[in-house]
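Asks: build me a model from this:
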Amino acid sequence: MHVYDSVVIGAGQAGLSASYHLGRLGVGHVVLDADPRPGGAWQHRWDSLTMQDVHGVADLPDGPAPGRTADRANRAVPAWFGRYEAEHDLPVRRPVRVRSVTGDGELLEVRSDAGTWLTRTLVNATGTWTRPFVPHYPGAETFRGEQFHTHDYPGPDHFRGRRVLVVGGGASAVQFLGELGPITDTLWVTRRAPVWRDGFDEDSGRDAIALVLERVTAGLPPASVVSVTGLALRPQEQEAARLGVYERRRPMFSRIEPDGVRWDGVTDPAGPAFEPVDIILWATGFRPAVTHLAPLHLRSEHGGIPLLPCGSDVQTAVTAARDPRVQLVGYGPSASTIGGNRAGRAAALAVRRHLTSEDLRPVP
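Replies: Below you'll find the predicted structure:
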């Protein structure tokens, strides 16, 4: 069986960046992508999300991103990714769904539904889209209405004329409320009161990402960047704000009932103990898609995969502390399009360093 110098898992922004830089460095590799066509997670996003709505898509190396237009993001970005793969002759194979990665002496064995690959190093760029997180609340299975997660959001038209409960305190929840608030009755619940901000410059962004890195280097599960940056309303959400949609926030309910949600022991005059709703929209985020790496025992006792710090650029911390053959891009501090780009280059450089070193074995 052919032994690759590196295998990249995932052909989203971070995976394409890593492949580009590996090729520039002369590292023989293959990119395994689970989707049948280019586009990463973008191809699965809802139709109403346009390039004007997204929070920003960074350029790929030697590949300018699409502009902020009214084009659907789930078409514009996949088309761009497809052109990029072809123009740079990236060695992408699809559809290949990786099931597990195991250690075999000095080599790693990547097992999938389409075969097995042997490699000296691994770049994991699987993102989070395939791991939507929905917290469990008592009575959820009794709810007679519909429940959606961000992962399955069908677009605003589906919600017209129905009372919608949006759950979550992140950017997606704010965006959904901005779309739904002007066209239907909405209710918003979060675990903590949102922290709003007026502006967000490069320095504050770097500080926020550094806080995420602190968690990852300590072996804790990554936290969202929004949890340390706060939230901002964009022009798209101003009409919902004018209607008072964001002011009608309530704390998390205690349980779900067939026709709505209930708060036990309510003494807050802000709302009743029971709210009837037709739809629950869980904007509760995602978890890193790294279960296929479990056989490598990369996690710490705290539940996260610790990464080794790398210089002053916090988004270039990509090397798994417990096995330096493994690089994680789009994980923790690099979980953004610009972070994925920087991490892709850092991962390629780390791979080359490992390939030219004498000891490729995992750290005991």
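Asks: low-scoring stretches of the protein, by residue?
Replies: Counting by pLDDT under 70, the chain has low-confidence residues at 198-217, 220, 222-230, 267-270, 310-315, 333-339, 358-364.
Asks: for it, what's the longest helix?
Replies: Looking only at the chain and at elements set by DSSP state H, the helix with the highest residue count is helix 337-355.
Asks: which helices and strands sit right next to it?
Replies: Taking 3 or more Cβ pairs under 8 Å, 6 or more residues apart in numbering; DSSP states H and E as the contact definition, the neighbouring helices and strands of helix 337-355 are strand 3-9, helix 13-24, strand 115-124, strand 326-328. (Each C-beta comes from the backbone N, C-alpha and C, glycine too.)
Asks: a markdown table please, covering these and showing distance to Pro95 and mean neighbour count.
Replies: Supplementary listing: those in a markdown table, determined by distance: least, Cβ to Cβ, whole Å; neighbours: other Cβ atoms under 10 Å:
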| stretch | distance to Pro95 | mean neighbour count |
| --- | --- | --- |
| strand 3-9 | 13 | 23 |
| helix 13-24 | 14 | 27 |
| strand 115-124 | 12 | 22 |
| strand 326-328 | 22 | 27 |
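Asks: adding distance to Val261, write these out as JSON lines.
Replies: Conversion of these to JSON lines gives the following (distance: least, Cβ to Cβ, whole Å):
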{"stretch": "strand 3-9", "distance to Val261": "39"}
{"stretch": "helix 13-24", "distance to Val261": "36"}
{"stretch": "strand 115-124", "distance to Val261": "38"}
{"stretch": "strand 326-328", "distance to Val261": "37"}
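Asks: what residues sit buried inside the longest helix of the chain?
Replies: Buried residues in helix 337-355, counted by 16 or more other Cβ atoms under 10 Å: 337, 339-352, 354-355.
Asks: the residue nearest the centre of the chain: what's it in contact with?
Replies: Against the mean C-alpha coordinate of the chain, by Cα atoms, centre = their mean, the closest residue is Thr128 at 4.1 Å. Applying Cβ atoms under 8 Å, 6 or more residues apart in numbering, one finds that Thr128 lies in contact with Ala41, Gly285, Phe286, Arg287, Pro288, Ala289, Ala335.
Asks: could you dump those to a markdown table with neighbour count and secondary structure?
Replies: Compiled in a markdown table, the contacts of Thr128 are given as follows (neighbours: other Cβ atoms under 10 Å; DSSP: H, G, I helix; E, B strand; the rest coil):
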| residue | neighbour count | secondary structure |
| --- | --- | --- |
| Ala41 | 21 | helix |
| Gly285 | 22 | coil |
| Phe286 | 19 | strand |
| Arg287 | 13 | coil |
| Pro288 | 21 | coil |
| Ala289 | 22 | coil |
| Ala335 | 24 | coil |
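Asks: and those residues, which is closest to Leu298?
Replies: Distances from these to Leu298 were compared by Cβ to Cβ; the smallest belongs to Pro288, at 11.1 Å.
Asks: ok, now how distant is the spatially closest residue to Leu307 that is not a sequence neighbour from Gly127?
Replies: Taking Cβ to Cβ, 6 or more residues apart in numbering as the measure, Leu307 lies nearest to Ala317, with 4.6 Å between them; neighbours along the chain are not counted. Between Ala317 and Gly127 the distance is 17 Å, computed by Cβ to Cβ, to the nearest Å.
Asks: then Leu32?
Replies: Using Cβ to Cβ, which is the criterion applied here, Leu32 is 14 Å from Gly127.
Asks: before we move on, what about Gly260?
Replies: Noted for Gly260: a distance of 34 Å to Gly127, by Cβ to Cβ.
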